[in-house]
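Undergrad: next input, structure requested:
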Amino acid sequence: MGIGWWLKKLFNRSKLPVNVKEIESVIGYHFKNPNLLFRSLKHRSYSQEMDGTIDRSNERLEFLGDSVFNMVVSHHLYIENPEYQEGDLTKLKSALVSKTSAAIAARKIGIDRFLLISDSEEGSGGRKRTSIIADTYEAIIGAIFLDGGIEASRIFIRKSILENVPHVLNEIQKNYKSLFLELSQGKKLGHPVYKTIDESGPDHDKLFTVEVFVRGESYGTGKGKSKKAAQQMAAKEGLSNFIEQLNDDE
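TA: Purely as a prediction, here's the structure:
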C-alpha cells in the first residue's frame with residue numbers, strides 16, 4: 001500500500017457526516033482536505049456533544065480566519081480607495097469585518113444551513129444566532145487558507161463580501177445597534193445604553209429623541225417616529241463617534 005492509498009483514506013469525502021460537494025458548491029471552493037471543511041463547521045456545542053471536547057471545534061480555525069479576513073479586507077480597501085485617509089478606511093473596515101457583516105455574507109450564501117451544532121443549541125435558536133454564523137464564516141476562511149493559501153481565501157472573501165459591499169453596508173445600516181454593541185463589547189467597554197430624552201408631538205405622530213451612552217459617556221443622539229427607530233439613529237451617530245475616539249486614542 002503506497003502513500004496515495006493512505007491519503008485517499010485520510011481524506012475520504014464520503015466518510016464525513018456532511019455533504020461535502022454541496023457545501024463546496026455553496027462556498028465556491030473545492031477542498032483538497034475536506035476534513036478542514038468539516039472542522040470549520042463544528043460549533044463547540046457539537047464538538048462537545050460528539051467528541052467529548054471542544055478541542056476539535058472550529059475555534060482555532062476561526063482565530064486564523066479572523067486574521068486573514070482582516071488582512072484581505074484591509075488590503076482591498078487600501079487599493080480600491082486611494083483617496084481615503086486612515087479614519088475613513090478604519091470605519092469602512094470595521095463595518096466590513098464585523099460579525100454582522102460576516103453573518104450577512106454567510107446567510108446570503110447559505111452557510112447557516114450547514115452549521116454543526118448540538119441539539120440543545122439548535123433548540124435555543126443557535127442556527128439563527130449572528131455570532132455563531134459569523135464565527136463559522138471566519139472558520140471557513142481559515143480552512144480555505146490552510147487548504148489553498150491566501151489567494152483562495154481572497155477569492156472567497158471577494159465573492160462573498162467585497163463584490164457586494166453596497167448590499168452588505170445597506171444590511172448593516174439596518175441594525176447599527178448590533179454593530180455598536182459588537183464593537184463596544186469587543187473593546188471590553190460593556191454594552192451601549194439607550195435613554196429616551198424627549199418625546200414630542202401628538203400621540204398619533206410622536207417624535208422620540210434617544211441618547212446613547214457607553215460607560216456613562218454620551219456618544220450620540222437620534223430621532224425617530226418610534227423609540228426603536230430613534231435608537232438606531234443614535235447608534236449610527238454613536239458608532240461613528242466611538243470609532244473616531246478609538247482612532248484618536250491610538
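Undergrad: low-confidence ranges in the protein?
TA: By pLDDT under 70, the weakly predicted segments of the chain are 1-16, 173-174, 247-250.
Undergrad: which residue is the nearest non-sequential neighbour of the residue most central in space within it?
TA: Closest residue to the average C-alpha location of the chain: residue 99 at 2.4 Å, with CA atoms, centre = their mean. Leaving aside its sequence neighbours, residue 99 sits nearest to residue 134 (CB to CB, 6 or more residues apart in numbering; 3.9 Å). Just so you know, the C-beta spots here come from the backbone N, C-alpha and C atoms, and that holds for glycine as well.
Undergrad: isn't the residue nearest to the centre of the chain right up against residue 129?
TA: No - taking contacts as CB atoms under 8 Å, residue 99 lies outside contact range of residue 129: 10.1 Å.
Undergrad: which other residues reach stretch 205-225?
TA: Identification of contacts with stretch 205-225 by CB atoms under 8 Å, 6 or more residues apart in numbering yields 180, 184, 189-201, 226-227, 229-242.
Undergrad: neighbouring contacts of the helix or strand containing residue 237?
TA: Assigning secondary structure by DSSP states H and E places residue 237 in helix 227-249. Helix 227-249 is contacted by residues 86-87, 90-91, 94, 173-177, 179-180, 183-184, 187, 192, 194, 196, 208-212, 214, 219-224 when judged by CB under 8 Å, 6+ apart.
Undergrad: and that helix, what's buried?
TA: Of the residues in helix 227-249, 230-239, 241-243 count as buried by neighbour count, 16 or more other CB atoms under 10 Å.
Undergrad: which two in those residues are spaced the farthest apart?
TA: Pairwise distances across these (CB to CB) peak at 20.7 Å, for the pair 230 and 243.
Undergrad: still on that earlier bit, so which of the contacts of helix 227-249 are in strands?
TA: By the criterion of DSSP state E, membership of these in strands covers 194, 196, 208-212, 214, 219-224.
Undergrad: perfect, that will be all.
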